[in-house]
Structures are given as structure tokens and as C-alpha cells.
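S.K.: Model the structure of this input:
(one chain, ligands or ions: 1)
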Amino acid sequence: MIAHLRHLTRLAGRGHNRLASSASTSYLIDQPEYSFLKELGLERNNPGVYSGHWQGRGPTITSYDPGTGQAIAKVRQGNVQELQQTIGLGVEAYKQWRQVPAPVRGEIVRQIGDELRKYKEPLGKLVSLEVGKIYSEGQGEVQEFIDICDYAVGLSRIYSGQLINSERADHTILEAWRPLGLVGVISAYNFPNAVFGWNAAIALTTGNSVLWKGAPSTPLVSVATTKIVAEVLRRNNLPPVVTLCQGGTDVGQSLVGDKRVNLVSFTGSCKTGQDVGVEVQRRFGKVILELGGNNALIIDSSANVKMALDAALFGCIGTSGQRCTTTRRIIVHEQLHDQFVTSLVAKYKQLIPRIGHQLDAQTLVGPVHTQQNVDNYRTTIEEAKALGGTVAFGGKVLERSGYYVEPTVITGLAHDASVVHRETFAPIVYVLKAKNVDEAIAWNNEVEQGLSSAIFTEDISQAFKWIGARGSDCGIVNINTTTNGAEIGGAFGGEKATGGGRESGSDAWKQYCKRATITVNHSGELACAQGVVFNVE
Ligand code: NAD
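M.R.: Have a look, this model is predicted:
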């Protein structure tokens with residue numbers, strides 16, 4: 001395996017870039033080292049719409065390896081007309097699916113999980129190749145989809161309503177959870193497999209059909225994942241309860257505006273998410289928004305600093321700074337600040353030889369996804385310097401094929417500097433010096449986003465302050481662990497400009513349902529609530 005992956009590092013040095021490869025006719029999928037792409041049923045030119053059969057009449061898009069700039073393969077996206085047809089088929093499929101008992105739906109989701117297990121290795125490699133995340137993170141992403149399938153199988157047998165006491169004699173109030181209909185999933189490039197998985201496993205289990213539009217720059221993961229799911233549906237003679245329409249903004253907007261899509265689960269930037277939220281509300285649809293973060297790691301004076309440094313390293317640099325939960329701000333107690341920066345920089349230095357192609361077994365820091373990420377990285381560092389920040393480590397774009405930047409530590413900025421308050425999707429962290437935990441909490445909370453946060457402390461009163469009403473205002477409020485790398489068992493999501501949505505575990509399943517409150521009168525006489533008398537003889 002390791003030997004097999006190493007050849008990819010050599011490719012990274014061969015001088016390919018995006019422009020060169022788009023003009024060439026050579027695709028990675030045709031090379032023997034990339035046979036795993038064919039194991040997934042991919043070809044050089046793939047249809048990007050699935051609604052029981054495969055098609056794609058929209059623009060063809062080429063998918064590139066961000067680690068080398070080489071073309072991987074092509075996908076024929078869908079157009080708006082195909083999206084609308086797909087919505088119609090998804091609604092029809094829902095009408096059958098809602099009749100299937102929930103534990104039987106769970107059995108289908110179990111089969112999807114098993115099918116994913118069979119393809120975990122090649123699918124995870126494709127996630128790495130197309131996004132730029134390292135091998136173990138690509139595998140981990142597919143594992144997350146498998147885990148949520150397991151979770152959903154259990155859920156299918158236990159999710160339930162309740163029985164509520166009525167104030168009227170011989171009346172009973174019931175609460176039941178029913179499916180919504182068609183759930184539209186629009187996902188971001190950085191989690192091209194798991195975000196669909198979190199949504200699909202729970203939405204299917206609760207009786208909905210699902211229509212997916214993945215990010216335009218990760219279309220191969222969308223196609224390969226849908227093929228795996230479609231095989232399970234075929235084997236069970238099911239209608240297309242999962243459909244796919246790859247496309248750009250026009251397809252996304254059309255999905256968002258369509259009344260037949262009862263819930264839109266959107267993962268992406270705050271700006272686009274806000275527009276999506278308004279559009280869905282305009283038609284009284286339901287929406288789950290999973291948007292950007294600006295996540296802080298607080299180091300209290302009592303912190304276990306060794307552990308905090310390890311958390312900072314993975315939090316800031318994992319996925320090359322392209323997780324929504326990436327640590328973007330480290331707020332350190334003034335007594336520890338200078339030593340912490342020195343130790344952090346020493347750790348960062350050790351990572352420089354570990355920057356490389358995402359599929360190389362030695363790599364810990366892969367490329368960022370596109371030239372746009374590189375440009376944003378560069379602009380942000382210039383702005384930080386102009387604002388008086390000091391680049392304590394990194395700050396440079398690496399001169400090689402693909403999109404490589406140095407992980408970067410910036411110190412000396414004001415806690416409310418414009419760059420500090422912005423999410424730049426690249427491995428840049430700002431280290432801030434705070435007087436005490438109260439000040440650190442105030443800074444944690446003053447940004448627009450409210451996704452993830454963590455404190456390192458050994459002081460129980462600070463820890464409980466952090467998780468209490470005066471503490472972090474984020475959806476994820478960790479103690480002595482990273483801001484990133486959440487498990488599927490809890491509800492995932494954030495407050496404020498992060499959108500307020502919750503996905504995955506806990507009671508997030510309720511968002512995929514409508515609640516019916518049912519009053520049953522078994523008294524034989526009509527009685528109004530609150531003692532109201534209203535009748536005539
Ligand atoms: P993006 O907003 O550019 O795109 C997300 C998706 O929206 C894509 O599929 C895109 O085609 C689609 N889209 C674009 N315009 C649209 C429109 N007007 N209507 C409907 N759909 C439209 O985001 P991105 O660059 O792919 O992803 C990075 C962002 O996603 C970051 O801000 C990151 O924090 C966020 N993110 C959040 C979470 C979370 O769970 N909170 C998870 C992953 C990523």
C-alpha cells in the first residue's frame with residue numbers, strides 16, 4: 001500500500017499544472033496507478049445525473065488533482081431541466097418509500113453501510129485525490145458515512161414520539177414524527193462524501209427521499225458515492241429514493257427555489273447559506289444551514305500545554321486548514337503566550353518535510369483545493385501584515401505544481417482585526433494574548449460565526465463557566481480536545497452566522513420530520529379545552 005502511494009509524490013514534481021493538463025488529453029483515470037478509480041465504476045467521461053438511470057446534458061466539467069494539477073476525469077453535469085425532472089422522480093419515489101416500515105428502511109441503510117465498507121479504500125482514496133486531504137482523512141471521511149449508517153439502523157427501531165397527559169378526561173395526546181418528503185442536500189467541496197452521508201442516512205431512515213447536488217469541484221466523489229448507493233437500491237428493487245444532479249450555481253438555485261423540495265440541507269459558506277436560507281423561507285420550506293466557522297482554542301493558565309499544542313497542530317493544520325471546524329484563533333493566557341508561540345512554531349517546523357501529495361504515505365499536510373484558496377491565503381497574509389501582524393511561521397506559497405502553501409502562524413494582531421474575524425479557508429492561525437478566561441470567552445464570542453470552540457484548562461470552575469450560559473456561544477463547546485474532528489453521535493452544527501442547523505446524531509433526526517400533535521378523544525362526549533362551553537341543543 002505505502003509503496004503504491006509513494007509514486008504519487010513523484011508525480012507532484014513533474015511540472016504539471018491546471019492549465020497545462022486541461023489542454024492535454026491525459027487523464028489520471030487512464031493510468032494503471034489509478035485503477036482504484038475504475039474499481040469505483042468511474043470512466044474518463046461520466047454522467048453526473050442519477051434518477052434511476054444515469055444521464056447528464058449540462059456542461060462537462062473536468063475534475064483535477066489539487067496535488068499535481070493533473071486532470072483526473074470528466075463529469076457531464078445536469079442542467080436545470082434535468083434537475084426538475086429529477087425532483088419529480090424523487091417525489092414519486094418518496095410516495096412509495098414512506099410506506100416502508102422504518103426498521104425495513106433501516107435495513108436498506110445497513111446495506112448502504114456494508115456496501116461502503118466494501119469500497120472504503122478506493123472511495124477514501126478518491127476523496128483524498130479530488131479534495132486534497134491526506135490518505136487517513138479520506139478514509140476517515142468514508143468511515144464517518146459508515147458510522148452514521150450504523151447509527152441510523154439503530155435509530156430506525158427506536159425513534160419515536162410520545163404520549164402526553166391531557167387535561168380532559170378520557171383524552172390522550174400523542175406526538176408522532178412523519179417524513180417531510182424530498183430532502184435536497186447541497187454540499188461543500190471539503191467534505192464531499194460525509195456531509196451527504198450524514199444527511200442521507202438519517203433522511204432515508206425517517207422516510208424521506210434525497211436529492212443531492214455536490215460541489216462542482218468534487219463531482220467524481222458524488223458520482224462514485226451515488227453508484228454505491230444506487231447498487232443497493234437496484235438490488236432491493238427500490239425506486240430512486242436517492243438521486244443526484246451535479247451542477248453549478250444555476251442547478252443549486254433551482255433546487256433551493258423548488259417547492260417540491262421540502263427540506264434543503266445546505267453546507268457551504270455563510271454568504272451563500274444566508275441567500276439559501278432566505279430563498280427557502282420565502283416559500284416556507286425547511287432549511288438546515290451548516291455554514292462557516294471561526295473557531296477558537298483557548299489556553300487557560302492551568303492548561304496541560306503539551307496536550308494543547310498537539311490539539312493546536314491538528315486543529316490548525318489538519319485538512320490544510322479546510323475544515324469548517326479548523327482552529328483559526330488560539331487565545332492564550334498572557335503568562336503562557338510567548339512560550340506557547342515558541343513551542344508551536346517548533347512543531348510547525350517539523351511539518352515542513354511532511355508537506356506533499358495527499359496520497360503519499362509520508363504526507364501530513366496536503367495541498368489546498370484550488371488556486372482560489374491560494375489567492376485567499378496570500379491576500380489574507382498581506383492584510384494581516386498591513387494590520388501589524390507578525391508572521392511567526394510560514395506565510396509563503398510553495399513553488400511547485402499543485403496548490404501548496406506553508407502552514408502559517410500570525411501573532412500580534414488585535415483580537416478584532418478584520419482578518420481575525422474572517423474565515424480564510426487555508427492553514428492560517430492567529431495567536432492572541434488574553435488577560436484571563438473571561439476576556440478569552442468574550443473574544444471567542446465576538447465573531448459572527450458560532451461553530452466550534454475549545455478550552456484547555458485543568459480548573460474545574462473555568463471549565464464549567466465555559467460550558468455554562470456565560471461561556472462559549474458556539475454549537476460545539478469542547479474541553480481539553482480539538483475544535484475539529486467531531487464524532488457522529490452528537491448533533492453537529494453551530495449558531496449565529498454558522499446557520500443554526502444540526503446534523504448527525506442526538507435528536508438531529510427531528511429536523512428531517514414533521515411533528516404531528518394528535519389529540520384522541522375516547523370519552524364518547526365532546527369537551528373543549530380550557531373548560532370552554534360552546535354548544536346549542
Ligand atoms: P460554497 O458556499 O462556495 O458552495 C457550497 C455549495 O453551494 C456548492 O455545492 C455550490 O455549488 C453551491 N452553491 C453556490 N451558490 C449557490 C446558490 N446561490 N444556491 C444554491 N447553491 C449554491 O462553499 P465551499 O467553498 O464549497 O465550502 C467551504 C465553506 O463551507 C466554508 O465556509 C466552510 O466553513 C463551509 N462548511 C461548513 C460545514 C459545516 O458543517 N458547518 C461543513 C463543511 C464546510
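S.K.: Show the low-confidence segments of the stretch 1-150 of the chain, by residue range.
M.R.: Applying pLDDT under 70 to the stretch 1-150 of the chain flags the ranges 1-25.
S.K.: what sits against Gly140?
M.R.: Gly124 (Cβ atoms under 8 Å, 6 or more residues apart in numbering). All C-beta spots, glycine's among them, are computed from the backbone N, C-alpha and C.
S.K.: distance of it from the ligand?
M.R.: 14 Å (Cβ to the nearest ligand atom, to the nearest Å).
S.K.: I'd like the next helix or strand past the helix or strand that residue falls within.
M.R.: Following DSSP states H and E, one finds Gly140 within helix 135-158. Heading C-terminal from helix 135-158, the first helix or strand you meet, by DSSP H and E, is strand 162-165.
S.K.: Summarise which helices and strands the biggest helix by length in the chain is packed against.
M.R.: Taking DSSP state H as the criterion, the chain has its longest helix at helix 102-131. Applying 3 or more Cβ pairs under 8 Å, 6 or more residues apart in numbering; DSSP states H and E, we find helix 102-131 packed against helix 35-39, helix 135-158, helix 194-205, helix 219-235.
S.K.: Can I get the third one in PDB? Just the C-alpha atoms.
M.R.: Coordinates of each C-alpha in helix 194-205 appear next as PDB, following Å, rounded to 0.1, in the frame of the first residue of the first chain:
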ATOM      1  CA  ALA A 194     -19.600  12.500   4.700                       C
ATOM      2  CA  VAL A 195     -21.900  15.500   4.500                       C
ATOM      3  CA  PHE A 196     -24.100  13.700   2.000                       C
ATOM      4  CA  GLY A 197     -23.800  10.600   4.300                       C
ATOM      5  CA  TRP A 198     -24.900  12.400   7.500                       C
ATOM      6  CA  ASN A 199     -28.000  13.700   5.700                       C
ATOM      7  CA  ALA A 200     -28.900  10.800   3.600                       C
ATOM      8  CA  ALA A 201     -28.700   8.100   6.300                       C
ATOM      9  CA  ILE A 202     -30.900  10.000   8.700                       C
ATOM     10  CA  ALA A 203     -33.300  11.400   6.000                       C
ATOM     11  CA  LEU A 204     -33.800   7.900   4.400                       C
ATOM     12  CA  THR A 205     -34.400   6.200   7.800                       C
END
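S.K.: chain center to it: distance?
M.R.: Computed by Cα atoms, centre = their mean, to the nearest Å, the chain-centroid distance of helix 194-205 equals 12 Å.
S.K.: Tell me what angle it forms with helix 135-158.
M.R.: 10 degrees (axes from the mean of the first three to the mean of the last three Cα atoms, to 10 degrees).
S.K.: the inter-axis angle of helix 194-205 versus helix 102-131?
M.R.: Compare the direction of helix 194-205 with that of helix 102-131 by the same axes, to 10 degrees and you get 170 degrees.
S.K.: State the next helix or strand along the chain beyond helix 194-205.
M.R.: Downstream of helix 194-205 (by DSSP H and E), the next one is strand 209-213.
S.K.: counting contacts, what elements does that following strand pack onto?
M.R.: Strand 209-213 packs on helix 80-97, strand 182-186, helix 194-205, strand 242-245, helix 249-257, going by 3+ Cβ pairs under 8 Å, 6+ apart.
S.K.: The first one near the ligand anywhere?
M.R.: The one in question is helix 80-97. No: Helix 80-97 is not in contact with the ligand by Cβ under 6 Å from any ligand atom; minimum separation 11.2 Å.
S.K.: What residues sit buried inside that helix?
M.R.: By 16 or more other Cβ atoms under 10 Å, the buried positions in helix 80-97 come out as Glu82, Leu83, Gln84, Gln85, Thr86, Ile87, Leu89, Gly90, Val91, Ala93, Tyr94, Trp97.
S.K.: which one among those residues gets closest to Arg328?
M.R.: When the buried residues of helix 80-97 are ranked by distance to Arg328 (Cβ to Cβ), Leu83 comes first, at 34.6 Å.
S.K.: That closest one and Gln246 touch, don't they?
M.R.: No: in this structure, Leu83 is not within contact of Gln246 by Cβ atoms under 8 Å, at 9.9 Å.
S.K.: Find residues that contact each of these two.
M.R.: Lys213.
S.K.: Mind checking the helices and strands packed on strand 209-213 for the one nearest to Gly505?
M.R.: Ranking these by distance to Gly505, with Cβ to Cβ as the measure, places helix 194-205 first at 8.9 Å.
S.K.: could you give the angle of the closest one to strand 182-186?
M.R.: Using the same axes, to 10 degrees: helix 194-205 against strand 182-186 is 170 degrees.
S.K.: What helices and strands are in contact with helix 194-205?
M.R.: Using 3+ Cβ pairs under 8 Å, 6+ apart: helix 194-205 touches helix 102-131, helix 135-158, strand 182-186, strand 209-213, helix 219-235, strand 261-267, strand 503-504.
S.K.: got those as TSV, with distance to Gln55 columns?
M.R.: As requested, those are exported to TSV (distance: least, Cβ to Cβ, whole Å):
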stretch	distance to Gln55
helix 102-131	22
helix 135-158	25
strand 182-186	19
strand 209-213	15
helix 219-235	12
strand 261-267	20
strand 503-504	29
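S.K.: Gly450 against Lys496, yeah?
M.R.: Yes: between Gly450 and Lys496 there is a contact under Cβ under 8 Å: 3.8 Å.
S.K.: what do these two both touch?
M.R.: In contact with both Gly450 and Lys496: Asp473, using Cβ under 8 Å, 6+ apart.
S.K.: Between these two, which is the more surrounded one?
M.R.: Ranked by neighbour count (other Cβ atoms under 10 Å), Gly450 and Lys496 place Gly450 first, with 25 against 18.
S.K.: got the buried residues for the longest helix of the chain?
M.R.: Buried positions in helix 102-131, judged by neighbour count with 16+ other Cβ under 10 Å: 102, 105-106, 108-113, 115-116, 119-131.
S.K.: Could I get the full set of helices for the stretch 251-400 of the chain?
M.R.: Taking DSSP state H, counting those that start in this stretch to define them, one finds helices in the stretch 251-400 of the chain at 270-282, 305-317, 337-351, 371-386.
S.K.: which residues sit against the second one?
M.R.: Which is helix 305-317. Against helix 305-317 from outside (Cβ under 8 Å, 6+ apart): 295, 297, 299, 326-328, 330, 336, 339-340, 343-344, 347-348, 351, 364-365, 407, 409, 427, 429, 454, 456, 480-485.
S.K.: how about the residues of the stretch 251-400 of the chain near the ligand?
M.R.: Residues of the stretch 251-400 of the chain lying near the ligand by Cβ under 6 Å from any ligand atom: 252-253, 256, 267-269, 272, 275-276, 290-293, 324.
S.K.: Any of the residues you listed buried? List them.
M.R.: Applying 16+ other Cβ under 10 Å to those flags 252-253, 256, 267-269, 272, 276, 290-293, 324 as buried.
S.K.: Is it possible to get TSV of these that adds pLDDT?
M.R.: Below are those laid out as TSV (pLDDT from 0 to 100):
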residue	pLDDT
Gly252	98
Gln253	98
Val256	98
Thr267	98
Gly268	98
Ser269	98
Thr272	98
Val276	98
Glu290	98
Leu291	98
Gly292	98
Gly293	98
Cys324	98
